[in-house]
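> Give me a model of this one.
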Amino acid sequence: MSIHTTPLDDLVACPQCDTLHTAHSLPENSQAHCQRCGIVLMTSQPSAIARVISLALTAFVMMIAAISFPFLTLDAGGLQNATSVLDAVMAFKDGYAFPLAVAVAFFIIVIPLIRLSALIYALGPLVREAKPRQGARQAFALAEKLRPWSMAEIFIVGVTVALIKVAGLAAVTIGPAFWAFAGVVVITVLKDQLICRYSIWEELDKASA
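Numbering: from 1, shown residues only. Prediction:
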C-alpha cells in the first residue's frame, strides 16, 4: 500500500491558526482563504503590494509626525504643560528607571520605524516590477520577526485610559501627535490585515531568480 503525501514546498501554513493547505496557482485578482479561520493565505491581486507600500509609507510619515509634534497639553491651576512622545520616554531617564525609558523608546518608536523601513526597503522595487534590492528577503523576515514587538497600539490604549482618569483633574488638550499616533495604529492594523506573506515570499523568490 502506497501513501500519497504532499511535498512540503507545496504546503502553506496559516499564520493565524497553523492549518496546512496545499498551494495552487490562483486566477488573477483572486484570493485564497484559510478553511478554518478565514484569513487571507494567498492573493494574485497585482495592486496588493502597492497598497501595502502605500500604507507603510503613510504610517512612516505619521510616525515621524507623532514624535515631532506635541502629544497633549495639560492645564491645571493656571499652569500649562505640553508634552511629546519623546518627553514621555525621557521622563524615565533618571536613576533605576532608565532601562524602562530604553524599553519604551524601542517598543513604541524604534521597532515600529525599523519594521516600516524594512517593509518599504523589501517591497518598494516590487511595485515597479523591478528586481528586489540586495537583502530584501532578510529585510522582510526582520519586519515579520519584529511584528509582535511593535507596541504602538498598546501605548495609545494606555494613554487613552490615562487621559480619561486625568480629565477630571485638569484640562486636557489633545495635540496633533496624538492623532498621528492613533493613525499609525489604525494604518498598521489595516496593513497587517492586507499583507499576504506567502504571496510576498513568492514574489521575492520569483523576482530574485
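> So what are the sheet partners of the helix or strand Q80 falls within and their directions?
Element membership of Q80 [criterion: DSSP states H and E] is strand 79-83. Here strand 79-83 has these sheet partners by DSSP bridges: strand 72-76 (antiparallel).
> And the contacts of the strand it pairs with?
80-83, 159, 163, 166, 169-175, 177-178 (C-beta atoms under 8 Å, 6 or more residues apart in numbering). Where you see a C-beta, it was placed from the backbone N, CA and C, and this is true even at glycine.
> Run through the chain and note the low-pLDDT ranges.
Within the chain, the stretches with pLDDT under 70 are 1-10, 15, 24-30, 41-46, 77-78, 167, 206-209.
> State the phi and psi torsions of the residue nearest to the spatial centre of it.
In the chain, the residue lying closest to the centroid (C-alpha atoms, centre = their mean) is T188, at 4.3 Å. Main-chain torsions, T188, degrees, to the nearest 10: phi -60, psi -40.
> correct me, but it touches A152?
Yes: applying C-beta atoms under 8 Å, one finds T188 in contact with A152, separated by 6.8 Å.
> and the residue nearest to the centre of the chain, how far is that from Q31?
Remark: distance between T188 and Q31 (C-beta to C-beta, to the nearest Å) = 21 Å.
> Also V52?
From V52 over to Q31 (counting by C-beta to C-beta), the distance is 14 Å.
> helices or strands up against the longest helix along the chain?
If you go by DSSP state H, the chain has its longest helix at helix 48-68. Applying 3 or more C-beta pairs under 8 Å, 6 or more residues apart in numbering; DSSP states H and E, one finds that helix 48-68 contacts helix 85-90, helix 111-127, helix 176-194, helix 197-208.
> Of these, which stretch is the most buried?
helix 111-127 (a mean of 20; mean count of other C-beta atoms under 10 Å).
> helices and strands around it, which ones?
Helix 111-127 packs on helix 48-68, helix 136-146, helix 197-208, going by 3+ C-beta pairs under 8 Å, 6+ apart.
> Need the residues that contact it.
So helix 111-127 is in contact with 49-50, 52-53, 56-57, 59-60, 63, 131-133, 135-137, 139-140, 142-143, 146-147, 149-152, 184, 188, 200, 203-204, 207, going by C-beta under 8 Å, 6+ apart.
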